[in-house]
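> Need a 3D model of the following:
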Amino acid sequence: MPQAIKHAWNAIELEQMNALISRKLIHLDRLMLAQVFLKTGAIVPAHEHHNEQGTYIISGCLRFWLGPHADAPGDEYVDIHAGEVLMIPGGVRHRAVALADTLDLDVFTPPREDWLAKTDAYLRGPK
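Now for the predicted structure:
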């Protein structure tokens, strides 16, 4: 029988993705949680994945461009503030920018294989 696993976020290694974005990951076979730390101005480039995603903003604010607006960001966006959640179905292209220093909790199902394998080049850059 599978066993429950207790984690403490302060015991999880912080992975520096680039100068403005870092994260911590925990996962099971079919579920991933990620604390994502974004400094003001951090950009998550346009991308899509088959995984369903829930983004809960703990502090700060992220601006998202969704669907066709992800590749041509303009006036069609949604701001997600502390205490709000954005649910993104698999296959929906999206882009984000941090309007303030932000901590978000991303939930993915299934887990992001590219994040686990560290092949998520769209987020990685000079450290």
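> List the residues that contact the residue most central in space within the chain.
The centre of the chain sits closest to Asp106, judged by C-alpha atoms, centre = their mean, with a distance of 5.1 Å. Contacts of Asp106 were listed using C-beta atoms under 8 Å, 6 or more residues apart in numbering, and they are 32-34, 36, 53-56. C-betas here are computed from N, CA, C, even on glycine.
> leaving aside the residues next to it on the chain, what's closest to it?
Ala34 (4.4 Å; C-beta to C-beta, 6 or more residues apart in numbering).
> circling back: and the gap between the residue nearest to the centre of the chain and Ser59?
Using C-beta to C-beta, to the nearest Å, Asp106 is found at 14 Å from Ser59.
> And for Arg95, the neighbour number?
Residues within reach of Arg95, counting by other C-beta atoms under 10 Å, total 19.
> My read is that it contacts Ala72, right?
No. Using C-beta atoms under 8 Å, Arg95 is not in contact with Ala72; the gap is 9.6 Å.
> so what's Asp75 scoring on pLDDT?
Predicted confidence (pLDDT) at Asp75: the value is 95.
> how deep is it tucked in, by neighbour count?
6.
> hang on, Ile43 packs against Ala96?
Yes. The criterion here is C-beta under 8 Å, and Ile43 meets it with Ala96 at 7.4 Å.
> more crowded one of those two?
Neighbours were counted for Ile43 and for Ala96 using other C-beta under 10 Å; Ala96 has more, 27 against 16.
> where does the more buried one fall, helix, sheet strand or coil?
Classification of Ala96 using DSSP: H, G, I helix; E, B strand; the rest coil returns strand.
> And Arg63, by the same measure?
At Arg63 the chain is in strand, as set by three-state DSSP.
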